[in-house]
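> All I have is the shape, not the residue letters:
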């Protein structure tokens, strides 16, 4: 499956952005989906996870209550709604897909990745 993120940009602290992840090539509903981010000089970190049917979600402590992950399998698209953004949310955001969903917070277990979209939050 091919993944393409969009929706990143520059926003002031306290603002909102919605990232999209468009999937193609294979049936999107067969895959668990995750969002990760990577800031300069830091390792890629888990942000959020959603099951194939969207019945289950998981968030990192740093974004819990501010970010919402969702998906529309009919549109082959996943989303990350980001509210109350902080400067420390600045990073390149990646969506990823995995068939098993057994290790949702481990980036090494995801088989497919998008190219990333830059999110910059100014103070």
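On my side now, so go ahead. This one's a predicted model, so the numbers in the text were calculated from it and none came from an experiment.

> check contacts around residue 88.
Residue 88 makes contacts with 62, 121, as judged by C-beta atoms under 8 Å, 6 or more residues apart in numbering. Bear in mind the C-beta positions are built from the backbone N, C-alpha and C, glycine included.

> phi, psi of it?
Dihedral pair for residue 88: phi -70, psi -10, per degrees, to the nearest 10.

> does residue 33 really touch residue 21, like I thought?
Yes: checked against C-beta atoms under 8 Å, the pair residue 33 and residue 21 is within contact range at 7.0 Å.

> neighbour count winner among those two?
residue 33 (30 against 27; other C-beta atoms under 10 Å).

> Skip the chain neighbours and tell me the closest residue to the more buried one.
Leaving aside its chain neighbours, residue 33 sits nearest to residue 78 (4.8 Å; criterion: C-beta to C-beta, 6 or more residues apart in numbering).
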